[in-house]
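# Quick one, fold the following:
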Amino acid sequence: MPKKTVSLIIDSGNDYLIGLKENQPTLYKMAQTESQQDTPLSSATTVEKVHSRLVQRECKVFAAPEPLQKKWSGLKTFVVVERQGERNGQPFSERQFYICSQYLEAQQLLADIHLSWGIENRLHWVRDVTFKEDFPPRRGGNAPVNWSILHNFFITIARQLRFRTIPQAQRALSNQLHKVFSFFV
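Numbering: from 1, shown residues only. Have a look, this model is predicted:
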């Protein structure tokens, strides 16, 4: 997320909680380093068993270093959420970093982030992983925007046709354009 976008969010009177990715190397490295060296302002842990998965989520909130607060409009804290547990009998462990323009308790952030994962998993993850939009082969001009529009179009059709996954829809519809366009009749 560019600094200009963050400034626009703050200038419009809103706040942000933005997930960091490795394509923001300075912020990402800062979050990794600071989370290992600093003491959190607050922390919270939840454990749940859903869909034959046992998941423990731990959230820690840290004060953002002052030099970064000056560079990123409204930046107050950064957040680390660690998820670990079992999926289909296999252990997993994940760590996600966020920047935030508010001082919120870890329990509140954990709930907010858990809700946002639903959006991430249903749209952004599909766009990032299935369509590789973070690293597009088609650069320049309107190509990235046009491909993004086509990807959203396909995701919408796949969901309306009730496919379980986007790759499943890709395989089923790749040679069947009549099914795609029958959606609009």
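# Show me what the mean pLDDT comes to for whichever strand or helix holds Asn146.
When secondary structure is defined using DSSP states H and E, the element that contains Asn146 is helix 143-160. Per-residue pLDDT over helix 143-160 has a mean of 81.
# cool, stretch 114-132 as well?
65.
# Check stretch 165-179 too.
Taken as a whole, stretch 165-179 carries a mean pLDDT of 78.
# Which strands or helices does the helix holding Asn146 pack on?
Counting contacts by 3 or more C-beta pairs under 8 Å, 6 or more residues apart in numbering; DSSP states H and E, helix 143-160 packs against helix 166-173. No exception for glycine: its C-beta is placed from N, CA and C like everyone else's.
# Contacts for the helix it packs on next, please.
Taking contacts as C-beta atoms under 8 Å, 6 or more residues apart in numbering, the residues outside helix 166-173 that touch it are Val126, Thr130, Phe154, Ile155, Ile157, Ala158, Leu161, Phe163, Lys179, Val180.
# Buried only: go through those for me.
Among the contacts of helix 166-173, those buried by neighbour count (16 or more other C-beta atoms under 10 Å) are Val126, Thr130, Phe154, Ile155, Ile157, Ala158, Phe163, Val180.
# Contact partners for the second one?
The one in question is Thr130. Under the criterion of C-beta under 8 Å, 6+ apart, the neighbours of Thr130 are Ile166, Pro167, Gln170.
# Could I get the residues you listed in a markdown table, plus columns for neighbour count and distance to Val6?
Shown next, in a markdown table, are the contacts of Thr130 (neighbours: other C-beta atoms under 10 Å; distance: C-beta to C-beta, whole Å):
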| residue | neighbour count | distance to Val6 |
| --- | --- | --- |
| Ile166 | 19 | 30 |
| Pro167 | 13 | 33 |
| Gln170 | 14 | 34 |
